[in-house]
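Participant: predicted coordinates and the sequence they were generated for:
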Amino acid sequence: PQVELQSGSLQLGYIETMDDTAVHFEGRFGRESVSRGGVANIRFQPLPSRVSPSLNAGRPGVLLTSGEFIEGECRGVSVGRVAISSAPLGLVRYDVNSEVVAIVLRKRSLSAAHSYEMKLVNGSVWRGLEVAIDPMGVVLREPMLGLRRIPMHEVAEFRRRS
């Protein structure tokens, strides 16, 4: 899955759970949790161009593999299923591995300024306003989440935007 923040940063990793506060990644060496407040969308499958307007509109809901968009509030992700509270359908659950293309939480705000971009070896992309190097790696101030520490061995590419 690709967790896209409103700022355009992109964290890749298997999602263990998502609750009211954060997206939590699984695995012993899992990624640091990401605050749900800064998440624009989560993509579980490649996004067909014909359905990208549903994702970019920013209406909360879930985009299904059938092409159908179910508008509603995401209640969370657990045990490979997303729970959506929809006015016409009530509380419904969909399998994120086979039925869901993407979950939309809010509109992206790609106009957020950032001076630095870091690509990680796992494909994640972090955009930041400031960076610093310390003994533990790179410290990046992400526009939506604040400070993020990234171990140096995870950095594949680092660019300063002009």
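Facilitator: Arrived safely, thanks for sending.
Participant: where does the chain dip in pLDDT?
Facilitator: Within the chain, the stretches with pLDDT under 70 are 28-30, 51-52, 54, 110-112, 162.
Participant: which parts of it are helices?
Facilitator: For the chain, helices defined by DSSP state H occupy the ranges 52-57.
Participant: tell me which residue of it is furthest from the middle?
Facilitator: What lies farthest from the middle of the chain is P135; by CA atoms, centre = their mean that is 27.5 Å.
Participant: ok, now how distant is H114 from G8?
Facilitator: 7 Å (CB to CB, to the nearest Å). To be clear about C-beta, it is placed using only N, CA and C from the backbone, and glycine gets the same treatment.
Participant: and for these two, which residues touch both?
Facilitator: R127 (CB atoms under 8 Å, 6 or more residues apart in numbering).
Participant: give the bridge partners for the closest residue to L89 other than its chain neighbours, please.
Facilitator: Residue nearest to L89 in three dimensions, not counting chain neighbours: I70, with 6.8 Å by CB to CB, 6 or more residues apart in numbering. Following DSSP bridges, I70 is listed with bridge partners V62.
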